[in-house]
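Visitor: need coordinates for the below:
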Amino acid sequence: QVRLVESGAGEVQAGGSLRLSCAGSGRRLNDNAMAWFRQNPGKEREFVAGISWNGDNTDFAASVRGRFEIARDSAKNGVWLQMNSLKPEDTAVYYCAARRSAFVSLRQVDYMYWGQGTQVTVSS
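Guide: Below you'll find the model as predicted:
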């Protein structure tokens, strides 16, 4: 059973930075694409960023491209998400996810494993 645990929650002022981390357990995730999604109450969960199994391919939502970075963390068997130039609209619960395929998908239904979520709040 794969388990994903996010960390790095926090509150920051607009323009600031945060790094989220996702650690996996249960089995190695070297062959799996991983991603970050986010969700606000009453809204659909949306794709934020994803990375392929070997880190060679990444994808970002248009709203975060150029501000966020994603990378694999082999020591934690997971990924991290570096968030810079944060805006109040980035406020959400952020979820780490992994899929069986080696390649990124933008669709949440394509991800089999999910973390419990971590709150990011950006104040203006």
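Visitor: residue 53: what secondary structure?
Guide: coil (DSSP: H, G, I helix; E, B strand; the rest coil).
Visitor: burial count for residue 123?
Guide: 11 (other CB atoms under 10 Å). C-beta: built from backbone N, CA, C; applies to glycine.
Visitor: from residue 90, how far off is the closest residue to it other than its chain neighbours?
Guide: Of all residues not flanking residue 123 in the chain, residue 13 sits nearest, at 5.5 Å (CB to CB, 6 or more residues apart in numbering). Distance of residue 13 to residue 90, given as CB to CB, to the nearest Å: 12 Å.
Visitor: which residues do the two both contact?
Guide: residue 122 (CB atoms under 8 Å, 6 or more residues apart in numbering).
Visitor: look at the two and report which has more neighbours.
Guide: With neighbours defined as other CB under 10 Å, residue 13 and residue 90 compare such that residue 90 has more, 21 against 10.
Visitor: who touches the more buried one in this structure?
Guide: Contacts for residue 90 (CB under 8 Å, 6+ apart) come out as 38, 64, 83, 120, 122.
Visitor: list the residues that contact the fourth one.
Guide: Taking CB under 8 Å, 6+ apart as the definition of contact, the neighbours of residue 120 are 9-12, 18, 20, 38, 83, 86, 90-94.
Visitor: can you list which of the residues you listed are found in strands?
Guide: Counting by DSSP state E, the part of the contacts of residue 120 found in strands is 10-12, 18, 20, 38, 83, 92-94.
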